[in-house]
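> mind folding the following:
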Amino acid sequence: MINEPDEVVNAELVDDDHLPAAVGAEPTARPLVDRHTILRPNAPIPTTADQPTYTEADFRITEETAKLLDESPPENTSRTYNSARSQFETWCRENGRVHLPCTTATFVEYVGHLVRQDKSPSTIQVAMSAIRSWHQDGQQPGTKEASEAVRKHARGWAQRRTAKKAPAIRTDMLAAMVATCTSDTDADYPKATRDAALLTLGWGMLSRRSELAHLLIPQLTIGPTGIHVLVAFSKTDPGAKGATTFVPANPDDAATCPVVRIRAWLEELRRQDITDGPLFRHINRGGKIRHRAGGLQKNFLTPDAIGAIVKARAKLADLPDPSKITAHGLRRGPAQEIAEVGEDPTGQGRWKPGSLTVQKHYVEPARSEADNTITAMRRKRAEKAAED
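Below you'll find the model as predicted:
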């Protein structure tokens, strides 16, 4: 009987004292330290053996959580970021570069491209934020060089440009705009009533247009002396802690009194069987409040719609340069008037305490005009001349 030889696979000759490592031997645990590691006395050095073992469950999220993550950000932010990302993607494609995830060099070169186009520093910073937030965690490009380029650009840009400011809607302008909110027919009444309420409430609470757009009916509490308005979230409150603003009534002028105008609008909403949900809504040509399919969110006026209403009323009131008037004027106007009488508009306008914006654009200009030394000199000279 002949024995068949055993099959030998991947055989190799080795010296007896240099046998190959046993198959399946555990790898030696490596230390996990870098130049930022701090070890307390007698503390062991952490190693790879101390790391947890992850399973698929550690990386999965539920369908409900996925829906929360997929919910749209505020409309203005979404539109602005989408535009910035689209422009970046187009530029990358035209220049043979990968847009996502991009390299730091591509990011810096694109910022340089925007600088050479003489875009405003704020526009460039928005683009940088939009691009970086588009990337997954850990894949974002570095910002050091790009940020330094923007800082250098900002100094020169400020010397060449004057910032454009929305015209302030002052008391007399507000009265003229509200006076256009008249109705000759039943179909005109709802829109005129809504617009008057929007203008007077927005002015009284120094509102941002996004704040007006997202108000809910239950967030208003009306009393004889004014309206308590809960602003659930805003530009300076992204965490939605909420802030309440008191909008006083105007007993001296019923036409511009927010209490009178809001009560009239709420009564119209009740007449159309609406007692909950968005405060300001779309109205069709027949005077009916439009209900849009797709849930509560679809029934809010958009911030752009708020701006269009303000601009339209400014034009009807025949105000100077109505095309330049924006919804921000409802915030800027009362802030100026408050500062001019020596008060601080910070709280009423829900700016952050100590806001540099308030100091720079409202308090300091009002103070420099009221306390101007040349004006004081001329006044004292006139007083002295009158005495002589």
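> from here on, contacts and neighbour counts on C-alpha atoms
Noted.
> max-length helix in this structure?
helix 75-94 (DSSP state H).
> quick one: mean pLDDT over that one.
If you average the pLDDT over helix 75-94, you get 87.
> list the buried ones in stretch 242-249?
244-249 (16 or more other Cα atoms under 10 Å).
> hang on, the earlier thing: check which residues of the longest helix of the chain are buried.
Applying 16+ other Cα under 10 Å to helix 75-94 flags 81-82, 84-85, 88-89, 91-92 as buried.
> now those residues in a markdown table, with distance to Glu56?
Listed next are the buried residues of helix 75-94 as a markdown table, based on distance: Cα to Cα, whole Å:
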| residue | distance to Glu56 |
| --- | --- |
| Tyr81 | 33 |
| Asn82 | 32 |
| Ala84 | 35 |
| Arg85 | 32 |
| Phe88 | 35 |
| Glu89 | 33 |
| Trp91 | 38 |
| Cys92 | 35 |
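> which of these lies closest to Arg350?
Nearest to Arg350 among those is Tyr81, at 24.9 Å by Cα to Cα.
> pretty sure that closest one contacts Ile124?
No. Assessed by Cα atoms under 8 Å, Tyr81 is found out of contact with Ile124, at 11.6 Å.
> what separation is there between the closest residue to Pro278 other than its chain neighbours and Ile274?
Closest residue in space to Pro278, ignoring its immediate chain neighbours: Leu216 at 4.4 Å, by Cα to Cα, 6 or more residues apart in numbering. From Leu216 across to Ile274, the span is 11 Å (Cα to Cα, to the nearest Å).
> more neighbours, those two?
Leu216 (19 against 15; other Cα atoms under 10 Å).
> so that one touches Leu279, yeah?
Yes. Contact criterion Cα under 8 Å: Leu216 and Leu279 qualify, at 4.9 Å.
> please report phi then psi for His180.
Not quite, residue 180 is Thr, not His. Main-chain dihedrals, Thr180, degrees, to the nearest 10: phi -80, psi -10.
> all strands of the stretch 101-250 of the chain, in order?
Listed in chain order, the strands of the stretch 101-250 of the chain (DSSP state E, counting those that start in this stretch) span residues 220-223, 226-231, 243-248.
> which residues touch the one helix or strand in the chain whose mean pLDDT sits lowest?
Counting by mean pLDDT, DSSP states H and E, the chain has its least confident helix or strand at helix 364-370, which shows a mean of 77. By Cα atoms under 8 Å, 6 or more residues apart in numbering, the residues outside helix 364-370 that reach it are 336, 339-340, 342.
> looking at those residues, which one is closest to Arg378?
Once Cα to Cα is applied, the member of the contacts of helix 364-370 that ends up nearest Arg378 is Glu340, at 20.4 Å.
> apart from its neighbours in sequence, what residue is nearest that closest one?
Ala366 is the one closest to Glu340 (Cα to Cα, 6+ apart), at 5.0 Å.
> please apply the same query to Ser323.
Ser323 sits nearest to Lys311 (Cα to Cα, 6+ apart), 6.7 Å away.
> is that neighbour in a helix, a strand, or coil?
helix (DSSP: H, G, I helix; E, B strand; the rest coil).
> test my guess that it contacts Leu319.
No. With contact defined as Cα under 8 Å, Lys311 does not count as touching Leu319 (10.0 Å).
> neighbour count: those two, which is higher?
Lys311 (19 against 15).
> so who does that one touch?
Per Cα under 8 Å, 6+ apart, neighbours of Lys311: 322-323, 325-327.
> buried subset of these?
322, 325-327.
> tell me the contacts of Tyr81?
Counting by Cα under 8 Å, 6+ apart, Tyr81 has contacts 126-127, 130.
> quick one: it from Trp134, how far?
From Tyr81 to Trp134 the distance is 9 Å (Cα to Cα).
> let's have the contacts of helix 364-370 in TSV, adding pLDDT.
Formatted as TSV, the contacts of helix 364-370 follow (pLDDT from 0 to 100):
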residue	pLDDT
Gln336	91
Ala339	89
Glu340	89
Gly342	88
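> out of the residues you listed, name the ones that lie in helices.
Per DSSP H, the subset of the contacts of helix 364-370 in helices is 336, 339-340.
> for the stretch 151-300 of the chain, which spans come out with low pLDDT?
162-164, 237-238, 293-297 (pLDDT under 70).
> is it true that Thr346 touches Gln359?
No. The criterion here is Cα under 8 Å, and Thr346 misses it with Gln359 at 9.1 Å.
> neighbour-wise, which of those two wins?
Thr346 (21 against 17).
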